[in-house]
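>>> Structure, please.
(2 chains)
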Amino acid sequence: MGAAHVHTAWTRAALPLCLLGIFDTEEKSYGYALLSRLTDVGIDGVKAATLYPALTRLEEEGAVEIEWGAGEGGPGRKYYRITDAGRVRLRRDRAAWAAFASTVASLTRADEQDAAPSPAPTGEGEDQA
Amino acid sequence: MTKHHDQSLHQTQTSNPAPEQPSDSASDSAPDHAPTADRERTRKPTRWGRGKPKPVREYKPKLTWERKEDEVWAASLEVRLVLDHDAPAGLADQVLIEVHEIVREEGRPALELFGASEAYAQVVADERITEEHRARVDAHGMTPGERLSAAFVSFGVAGFFFCALEWLRGGLWVGISWPAVTLTVMIVLAVALSSLAVVARAAGLVRGALWFAAATVATVCAGIGATAAVPDGQLFTVPAPVLMLACLAGIAAAVRFPDATIDRWFAKNPTDSDDDAWFARLDGLLRGRHAMSAAQADGHVREARHHLASAPGEAGAVDVFGDVEVYALRLAEGPSRTRRFARRQFYGSCVLTVSLTILLIDNLTDPGSSPFWLAVNTGALGAALWSLVTEWRRSTAPDTPTHTHH
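As a prediction, the model looks like this:
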């Protein structure tokens, strides 16, 4: 599996959690700003074709609510705001994600330790022991 | 060595990854299966639905299962793939060939090797039915061509049985009169036009669907008027089997007519450079194919337009959002999808119930009406009322979590 594909999958899986995290720190936000925010923090694999469906799903699940703002000579802007249910879900998913990441980290660290070559024993050390 | 058949599907998939369709959720329902390493050669990383479905084999193989329980399991898997997941032509056959081979090699029941058929159908759907395929079919898993063919076949079958009943009831020779000819032409035209209206709507051509619906109403009105105006009296008689053969010929024509040709008639994807056409198509797909309200669809279109206006550069809608049918599918796959389609079916059932009620009143007030048709009418009205209640409940139930491929 290529690294790019792996990271795309991770990003998609974590995208709703990331979005809720951003909403929790901002009063409200909109699609283009969210995309910029994600890119700024290093999550640059998200495309508009993925972001808006994810936002739509969060809205249908009641985690965010929408509000239309006036457009400036163009179409109106759709703002998203986190709901109480969204905050509950954020806390729950954040804890689950942390536990999952911790488990993965512990496993991969163990693998690294197993794979790392052990230092060659020296006669001096043995003598000291 | 992998311990699950679905995990091995993941592994084979990686040789030709599709970055837009990770399937991490699929492995959650992993059936327990312990394949041997040499079985990897049986795994086909084929993804179905890119362009025209391509059956791997030109014939449907006759698989012989040693255990009855495996045969039942295989039948259940096939039904689940076709009905629950709208699997493209040939995929279920291909999967069954693979399952049959593994079951034969292992000598263990399919249930033990692959888990429940429902869960394994989900795994197969996740791994091997592309988003592009799902984006191009309607809520019933059909392309416009398949749906139109199905409508004409159903109509032909109904006509066949109607002629058979006339034969049983009135004898071999059926009298043909001007009112009968007019009525028959009207019914055939109305059915064709209403089917085209439904297909056009499912294809996202909302305006075209409205035109076909208006033409249906006009045809019915004109037909009723013409039937009353034409002279009575028998023109000639014809044997009922001839009429039944005519219905069979209609069914054969509907089956043999290439679905791909009809699909092309209803395909109206915008060119890369025409953003307005892309947004108009998105609006039509969300309303027609995915049963969104005009307000919901307009909200998505406005948001997409705003995004495109905010983005720097000259990128067009197709560059930013991709294929319009796939994007529409992604927007529509949320948990409210079931509710939306139930509401649409409810409205359809309302029209049917009103029509059947009018027909029943007409039958009851007509002293010469047939008890058989009165019973059929009453039964159909009862079924329509039951559908109304069921669909209303489904349309007002809490959102159903839906599986998504992205």
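
>>> my guess is B:Leu360 meets B:Leu381, correct?
Yes. Under the criterion of C-beta atoms under 8 Å, B:Leu360 makes contact with B:Leu381 at 5.7 Å. (C-beta placed from N, C-alpha, C; glycine too.)

>>> who does the longest helix seen in chain A touch, helix- and strand-wise?
Ranked by residue count under DSSP state H, the longest helix found in chain A is helix A:84-115. The helices and strands touching helix A:84-115, judged by 3 or more C-beta pairs under 8 Å, 6 or more residues apart in numbering or on different chains; DSSP states H and E, are helix A:3-25.

>>> CA atoms only: put the helix it packs on into CSV for me.
What follows is helix A:3-25, C-alpha atoms only, in CSV (Å, rounded to 0.1, in the frame of the first residue of the first chain):
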residue,chain,number,x,y,z
ALA,A,3,2.1,6.0,1.6
ALA,A,4,-0.1,8.5,-0.2
HIS,A,5,-3.0,6.1,-0.2
VAL,A,6,-2.5,5.3,3.5
HIS,A,7,-2.5,8.9,4.4
THR,A,8,-5.6,9.6,2.3
ALA,A,9,-7.4,6.9,4.2
TRP,A,10,-6.2,8.2,7.6
THR,A,11,-7.3,11.7,6.6
ARG,A,12,-10.7,10.6,5.6
ALA,A,13,-11.2,8.6,8.7
ALA,A,14,-10.1,11.4,11.0
LEU,A,15,-11.7,14.3,9.0
PRO,A,16,-15.0,14.5,11.0
LEU,A,17,-13.0,14.6,14.3
CYS,A,18,-10.7,17.2,12.9
LEU,A,19,-13.6,19.4,11.7
LEU,A,20,-15.3,19.1,15.1
GLY,A,21,-12.1,20.1,16.8
ILE,A,22,-11.8,23.2,14.6
PHE,A,23,-15.5,24.1,15.2
ASP,A,24,-15.0,23.7,18.9
THR,A,25,-12.4,26.5,18.9
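
>>> buried residues in that helix?
For helix A:3-25, burial by neighbour count (16 or more other C-beta atoms under 10 Å in any protein chain shown) applies to A:5, A:8-9, A:11-12, A:15-16, A:18-23.

>>> likewise stretch B:147-155?
Neighbour-count burial for stretch B:147-155 flags B:147-153, B:155 (criterion: 16+ other C-beta under 10 Å).

>>> Filter these down to just the ones in helices.
B:147-153, B:155.

>>> Need the per-residue pLDDT for residue 111.
Just so you know, I chose chain A. Looking at A:Asp111, its pLDDT stands at 57.

>>> wait, chain B
You'll see B:Leu111 listed with a pLDDT of 92.

>>> in a helix, that's where it is, yeah?
Yes. The assignment for B:Leu111 by DSSP: H, G, I helix; E, B strand; the rest coil puts it in a helix.

>>> Can you tell me how far it is from chain A?
For B:Leu111, the distance to chain A equals 30 Å [C-beta to the nearest C-beta, to the nearest Å].

>>> Could you do B:Asp138 as well?
In this view, B:Asp138 and chain A are 19 Å apart by C-beta to the nearest C-beta.

>>> Check B:Ala254 too.
According to C-beta to the nearest C-beta, B:Ala254 stands 36 Å off from chain A.

>>> Now for that residue, how many residues are close by?
Residue neighbour count, defined by other C-beta atoms under 10 Å in any protein chain shown, stands at 17 for B:Ala254.

>>> May I ask which helix or strand encompasses it?
helix B:240-256 (DSSP states H and E).

>>> Could you check how far that helix is from the centre of its chain?
Relative to the chain's own centre, helix B:240-256 is displaced by 23 Å; criterion: C-alpha atoms, centre = their mean, to the nearest Å.

>>> cool, and stretch B:306-323?
Computed by C-alpha atoms, centre = their mean, the chain-centroid distance of stretch B:306-323 equals 32 Å.

>>> just stretch B:212-223 next, same as before
25 Å.

>>> How about stretch B:206-215?
For stretch B:206-215, the gap between its own C-alpha mean and the chain's C-alpha mean amounts to 20 Å (C-alpha atoms, centre = their mean).

>>> buried ones in that stretch?
B:206, B:208-209, B:212-213, B:215.

>>> same check, this time on stretch B:259-270
Neighbour-count burial for stretch B:259-270, counted by 16+ other C-beta under 10 Å, picks out B:259, B:262-263, B:266, B:268, B:270.

>>> touching chain A at all, it?
No. Stretch B:259-270 lies out of reach of chain A by C-beta under 8 Å from any C-beta of the partner chain, never closer than 15.6 Å.

>>> just how off-centre is that stretch within its chain?
16 Å.

>>> what residues does it touch?
Stretch B:259-270 has contacts (C-beta atoms under 8 Å, 6 or more residues apart in numbering or on different chains) with B:52, B:143-146, B:148-149, B:199-200, B:203-205, B:277-278, B:280-281, B:318, B:323-325.

>>> and if we set it to 7 Å?
With C-beta atoms under 7 Å, 6 or more residues apart in numbering or on different chains as the test, stretch B:259-270 has contacts from B:52, B:143-146, B:148-149, B:199-200, B:203, B:205, B:277-278, B:281, B:324.

>>> Of the buried residues of stretch B:259-270, just say which sits nearest to chain A.
Among these, B:Pro270 lies closest to chain A (C-beta to the nearest C-beta), at 15.6 Å.

>>> So which residues of the stretch 151-300 of chain B form strands?
B:173-177, B:234-239 (DSSP state E, counting those that start in this stretch).

>>> Show me what the first one is packed against.
Packed against strand B:173-177 by the contact rule (3 or more C-beta pairs under 7 Å, 6 or more residues apart in numbering or on different chains; DSSP states H and E) you find strand B:234-239.

>>> swap the cut-off to 10 Å and go again
Applying 3 or more C-beta pairs under 10 Å, 6 or more residues apart in numbering or on different chains; DSSP states H and E, we find strand B:173-177 packed against helix B:144-170, helix B:178-202, strand B:234-239, helix B:240-256.

>>> Could you pull up the mean pLDDT of that strand?
Per-residue scores along strand B:173-177 average to 90.

>>> Quick check: buried residues in that strand?
Using 16+ other C-beta under 10 Å as the test for burial, strand B:173-177 gives B:Val174.

>>> wait, which of the buried residues of stretch B:206-215 is closest to chain A?
B:Val206 (20.1 Å).

>>> how much space is there between the closest one and B:Asp283?
To B:Asp283, B:Val206 is 8 Å away according to C-beta to C-beta, to the nearest Å.

>>> between the two, what contacts are shared?
Common neighbours of B:Val206 and B:Asp283, using C-beta atoms under 10 Å, 6 or more residues apart in numbering or on different chains, are B:294, B:297.
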